[in-house]
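**Q** Predicted model follows, preceded by the sequence.
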2 protein chains.
Amino acid sequence: MSRREQRPEELFEAARAGDRAALARSLSLIERGGAGARAIGRLSYPLGGAGYTVGLTGAPGAGKSTLTSATIGHLRARDVEVAVLAIDPSSPFTGGAILGDRVRMQDHATDPGVFIRSMATRGHLGGLSLATPEAVRLLDAVGRRWILVETVGVGQVEVEIAGKADTTVVVVNPGWGDSVQANKAGLMEIADVFVINKADRKGVEETRRDLEQMLDLGDLAHEAWRPPILPVVSTTGQGVSELWDVVEQHRAHIEASGELARRRAFRLREELREIVARRLEQRARELATGERWDQLQGQVLERALDPWGAADEMLRAVGA
Amino acid sequence: MSRREQRPEELFEAARAGDRAALARSLSLIERGGAGARAIGRLSYPLGGAGYTVGLTGAPGAGKSTLTSATIGHLRARDVEVAVLAIDPSSPFTGGAILGDRVRMQDHATDPGVFIRSMATRGHLGGLSLATPEAVRLLDAVGRRWILVETVGVGQVEVEIAGKADTTVVVVNPGWGDSVQANKAGLMEIADVFVINKADRKGVEETRRDLEQMLDLGDLAHEAWRPPILPVVSTTGQGVSELWDVVEQHRAHIEASGELARRRAFRLREELREIVARRLEQRARELATGERWDQLQGQVLERALDPWGAADEMLRAVGA
């Protein structure tokens, strides 16, 4: 049997045995969604739970890729294995992925202790917000203990994905302001740790004060843990070791307090709800065909019926 | 009857008669969603069709508010009335709106020929992507002929909203790059017109070449219209008159070619599908309660069942 025709079960077993190409192809199945993704999910799910995810997010240009690369370097120097998922938002129109600056990460491309993968949706029903946790569970199931999830972009979907990690690191720069304006509140709420990256530039103390002030004002859920603020220069590695110490402290804190278990249970419940919603959405698309639908659409175009009225009639007709 | 208790029908009639406070309160009903929004929608829908929407979008800090303000100034000097919807993405966690820099727009706050409103979701079922077209239809129904829709942020949802205008203006700056990296392809696809704002800075020609190159590469739907690229200095008003001329040329072009009617019909069909999906999502939330749901959730937490399997069982149980 050629590699191209390998069944999900075979791919999964090969990935568990350490075959990186099989792992990459299994991730492709998840990106595509459908039966292949479901099979990988069913195989992965019972085996997971030991892996730990660290989310890295921030405005474009904040230096997340460089920080991720520096973090990989730090971990590899201590012989810690790591997997990285770089989430690339797709164009809403073509479904094509826009790759960010992955250049520096290629320093680690030949290291067997590092697995790096860009994720995009290529048809997955739930988009990246449902494909990402499935990809994380696969990496977990094949034995990856640290999984970094880096999100490109500052939109609502990207912030939501970043907020689904066990520990979330928000990366800002000295003099942040306009660039994250639109999602400042969202970023404040998901942050467990702040990194002021490019801390060799002016304005570090100002930015720290700015963040501290927002933390003082914020009505944050994690009151027992005030997000530390760490200056880092990713390009030289300065501060990266301290950052990782804080990530491990946060992990120890939420493990001991039971917060990690609560977060994971909450995320699973949210994911379940989202899957149900996406399934129903699929059902809606199936409904949105046929003669009755065309009639209702025609009435809306003629302004005889408003869109919400038409939707309600459609749903009544199928008993939903 | 106190103003607070006015029925949607009364508010709508007062708004049509020119009462700005009633128009503002009608928009609040739309933001909140529910029965009030539905009533406003039913009243607005049959009366609309004459208004024309112009979307303005781009990365945070690109100067969209200043450009909007300069455009208002240009239109008012020619005695053209205009309404502006400034779309503020909400935090995914608190539902609170983050207001952008609206300061300059207040120049026009006392001009009766201008109506400016920030939109956020305060409970609307479909979020801003469904509340915005309803708000536009209300402004259309009360006689506003030009409706500018300015979106803050560069996320997927914001780009989708901006792409729903009749003419979409994408605002970039000299040396754009990192700041829109994540959504460059999305922005390229929705643009009918490009503005290089802050064109008194270095790098205008470079940015123009960059855009032209991407237009050459792109597989754009609107082949009969190649998006013009206009340098503008919003703070001085330089180029704003030319921008508006191009917007009117684009309008004339898509009206004559039938493209406007096609776009609007397409948008309505998409909106209908989205409403059906949101209604079904609501149904999913109703389903996501009760004993059977708790059982399935328990099985998922114990890893006896994977999330997609649990969702399928739930949907089977209710016949969806």
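**A** Okay, I see it. Residues are numbered from 1 along each chain as shown, chains lettered A, B, ... in the order given.
**Q** What about contact with chain B: does the helix or strand containing A:Thr168 have any residue there?
**A** Using DSSP states H and E, A:Thr168 sits in strand A:167-172. No. Between strand A:167-172 and chain B, judged by Cβ under 8 Å from any Cβ of the partner chain, nothing touches; the nearest distance is 12.2 Å. Where C-beta positions appear, they are placed from N, C-alpha and C, glycine not excepted.
**Q** Remind me what that strand packs against, helices and strands.
**A** Applying 3 or more Cβ pairs under 8 Å, 6 or more residues apart in numbering or on different chains; DSSP states H and E, one finds that strand A:167-172 contacts strand A:52-58, helix A:184-190, strand A:193-197, helix A:240-257.
**Q** Give the next helix or strand downstream of the last one.
**A** Moving toward the C-terminus from helix A:240-257, the next helix or strand (DSSP H and E) is helix A:259-287.
**Q** list the buried ones in that next one?
**A** Neighbour-count burial for helix A:259-287, counted by 16 or more other Cβ atoms under 10 Å in any protein chain shown, picks out A:259-260, A:263-264, A:268-269, A:271-281, A:283-284, A:287.
**Q** Which residue ranges of chain A form strands?
**A** Here chain A has its strands, by DSSP state E, at A:52-58, A:82-87, A:114-119, A:146-151, A:167-172, A:193-197, A:229-232.
**Q** Hmm, A:Val247 and A:His74 touching each other?
**A** No. Using Cβ atoms under 8 Å, A:His74 is not in contact with A:Val247, being 10.6 Å away.
**Q** Just want to know which of the two has more residues nearby.
**A** A:Val247 (23 against 16; other Cβ atoms under 10 Å in any protein chain shown).
**Q** The more buried one against A:Val54, yeah?
**A** Yes. A:Val247 lies in contact with A:Val54 (Cβ under 8 Å); the separation is 5.9 Å.
**Q** what's the angle between the strand holding A:Thr168 and strand A:193-197?
**A** Relative orientation of strand A:167-172 versus strand A:193-197 (axes from the mean of the first three to the mean of the last three Cα atoms, to 10 degrees): 30 degrees.
**Q** Number of residues surrounding A:Pro132?
**A** No Pro there; residue A:132 is Thr. A:Thr132 has 26 neighbours, counted by other Cβ under 10 Å.
**Q** who touches it in this structure?
**A** By Cβ atoms under 8 Å, 6 or more residues apart in numbering or on different chains, A:Thr132 lies in contact with A:Leu85, A:Ile87, A:Met119, A:Val149, A:Ile161, A:Lys164.
**Q** Now tabulate the residues you listed in TSV and tack on pLDDT, distance to B:Arg32 and neighbour count.
**A** Output for the contacts of A:Thr132, formatted as TSV (pLDDT from 0 to 100; distance: Cβ to Cβ, whole Å; neighbours: other Cβ atoms under 10 Å in any protein chain shown):
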residue	pLDDT	distance to B:Arg32	neighbour count
A:Leu85	91	37	25
A:Ile87	83	33	29
A:Met119	82	36	26
A:Val149	93	35	27
A:Ile161	80	28	27
A:Lys164	87	28	22
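**Q** A:Arg117 and A:Val84 touch, don't they?
**A** Yes. With contact defined as Cβ under 8 Å, A:Arg117 counts as touching A:Val84 (7.0 Å).
**Q** between those two, which one's more packed in?
**A** More crowded of A:Arg117 and A:Val84, by other Cβ under 10 Å: A:Val84, with 26 against 17.
**Q** what touches both of A:Val247 and A:Val54?
**A** Common neighbours of A:Val247 and A:Val54, using Cβ under 8 Å, 6+ apart, are A:Thr167, A:Val169.
**Q** Would you quantify the distance from the residue nearest to A:Lys202 when sequence neighbours are not counted to A:Ile229?
**A** Spatial nearest neighbour of A:Lys202, chain neighbours left out: A:Pro174 (6.1 Å); criterion: Cβ to Cβ, 6 or more residues apart in numbering or on different chains. With distances taken as Cβ to Cβ, to the nearest Å, A:Pro174 is found 12 Å from A:Ile229.
**Q** Equivalent analysis for A:Pro8, please.
**A** Shown here: A:Pro8 relative to A:Ile229, a distance of 44 Å by Cβ to Cβ.
**Q** same deal with A:Leu128?
**A** For A:Leu128, the distance to A:Ile229 equals 28 Å [Cβ to Cβ].
**Q** who has more neighbours, the two?
**A** Counted by other Cβ under 10 Å, A:Leu128 and A:Ile229 do not tie: A:Leu128 has more neighbours, with 25 against 21.
**Q** Surely A:Ser234 touches A:Ile196?
**A** No. Applying Cβ under 8 Å as the test, A:Ser234 and A:Ile196 come out as separate, 10.9 Å apart.
**Q** joint contacts of A:Pro174 and A:Ile229?
**A** A:Ile196.
**Q** and the worst-scoring helix or strand of chain A on mean pLDDT, what other elements does it pack with?
**A** Lowest by mean pLDDT, DSSP states H and E among the helices and strands of chain A is helix A:156-162, with a mean of 72. Helices and strands touching helix A:156-162, by 3+ Cβ pairs under 8 Å, 6+ apart, are strand A:52-58, helix A:127-141, strand A:146-151, helix A:184-190, helix B:156-162.
**Q** and if we set it to 6 Å?
**A** helix A:127-141, strand A:146-151 (3 or more Cβ pairs under 6 Å, 6 or more residues apart in numbering or on different chains; DSSP states H and E).
**Q** And that helix, how far out from the chain middle?
**A** Chain-centre distance of helix A:156-162: 7 Å, with Cα atoms, centre = their mean, to the nearest Å.
**Q** Check stretch A:162-170 too.
**A** Stretch A:162-170 has its C-alpha centroid displaced from the chain centroid by 8 Å (Cα atoms, centre = their mean).
**Q** Could you export that stretch as PDB, CA atoms only?
**A** C-alpha atoms of stretch A:162-170 as PDB (Å, rounded to 0.1, in the frame of the first residue of the first chain):
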ATOM      1  CA  ALA A 162      -5.000  31.300  22.400                       C
ATOM      2  CA  GLY A 163      -7.200  31.400  25.500                       C
ATOM      3  CA  LYS A 164      -7.700  27.700  25.200                       C
ATOM      4  CA  ALA A 165      -4.200  26.800  26.300                       C
ATOM      5  CA  ASP A 166      -3.300  25.600  29.900                       C
ATOM      6  CA  THR A 167      -1.000  28.600  30.300                       C
ATOM      7  CA  THR A 168      -1.400  31.600  28.000                       C
ATOM      8  CA  VAL A 169       1.500  34.000  27.400                       C
ATOM      9  CA  VAL A 170       0.500  37.400  25.900                       C
END
